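Peer 1: pasting the structure only:
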């Protein structure tokens, strides 16, 4: 199945970057003042719900999506936002940490495959995150560039156009079944589910999706091992 694969495409946040930890850490100053502090799982479910709604609406930059998500979460949990705080998630996003195995696994995989990113973010935000990944990506496709959010197919059409290879030469690597595996498989990609440990087991920060990945691993390093990298 993998003999023809020459390129790996990656989702970033949730797959390479631990965005559950990033989000919860970013919101800690607000939650510390909450009259009734919601559980971490409740916070993350709220984020996933509001983000999915915002991304299905008319396109706007991801920084604005995050501001709208935070405002909706604050209303849901009866939190007061100061004038400077709606940008809190976007401002902290560049510091959200990679998973412990990410950097080493990317370096191993890059010795055998060409790597690309397809991410629901803005160019400037990913440019800062990229510094933490310490890997070379031949192509980076962001929501800002295609004016669309996954699970739309625009990211995947664009990455194939830029890589100049058919989908049969590409293996898409992602955590979110909803955002990534569903549209990628519809376009003929084979997909690898990096089923990271999550406070929202089974879905992570995404709505549910009825899709079966071609391969499943608990972390990126296990994929690198499987591919003999």
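Peer 2: Perfect, thanks for sending it. Remember, it's a predicted structure, so these values are computed and weren't measured experimentally.
Peer 1: next one: the lowest-mean-pLDDT helix or strand in the chain to chain centre, how far?
Peer 2: When each helix and strand of the chain is scored by mean pLDDT, DSSP states H and E, helix 19-31 comes last, with a mean of 92. Mean C-alpha position of helix 19-31 versus that of the full chain (Cα atoms, centre = their mean, to the nearest Å) differs by 16 Å.
Peer 1: elements contacting it?
Peer 2: helix 40-56, helix 88-92 (3 or more Cβ pairs under 8 Å, 6 or more residues apart in numbering; DSSP states H and E). Backbone N, C-alpha and C define where each C-beta goes, glycine included.
Peer 1: Tell me which of those sits nearest to residue 171.
Peer 2: helix 40-56 (24.4 Å; Cβ to Cβ).
Peer 1: Just the residues contacting the helix or strand just after that closest one, thanks.
Peer 2: For helix 40-56, the succeeding helix or strand toward the C-terminus, using DSSP states H and E, is helix 62-76. For helix 62-76, contacts defined as Cβ atoms under 8 Å, 6 or more residues apart in numbering pick out 27, 30, 43, 46-47, 50-51, 54-55, 79-81, 85-90, 93, 120-122, 125, 143-144, 149.
Peer 1: separation between residue 165 and residue 90?
Peer 2: 33 Å (Cβ to Cβ, to the nearest Å).
Peer 1: More neighbours: which of those two?
Peer 2: More neighbours surround residue 90 than the other of residue 165 and residue 90, with 22 against 16 (other Cβ atoms under 10 Å).
Peer 1: measure the more buried one to residue 67 for me?
Peer 2: To residue 67, residue 90 is 7 Å away according to Cβ to Cβ.
Peer 1: Kindly report the same for residue 117.
Peer 2: Applying Cβ to Cβ, the value for residue 117 to residue 67 is 23 Å.
Peer 1: The two: who's more crowded?
Peer 2: Counted by other Cβ under 10 Å, residue 117 and residue 67 do not tie: residue 117 has more neighbours, with 24 against 20.
Peer 1: which SS class is that one?
Peer 2: For residue 117, the secondary-structure state derived from DSSP: H, G, I helix; E, B strand; the rest coil is strand.
Peer 1: got the contact list for it?
Peer 2: Taking Cβ under 8 Å, 6+ apart as the test, what residue 117 contacts is 9, 10, 11, 12, 126, 137, 139, 140, 141, 142.
Peer 1: State the pLDDT value of the residue nearest to residue 14 when sequence neighbours are not counted.
Peer 2: Among residues not flanking residue 14 along the chain, residue 175 sits closest, at 4.2 Å (Cβ to Cβ, 6 or more residues apart in numbering). Residue 175 is assigned 96 on the pLDDT scale.
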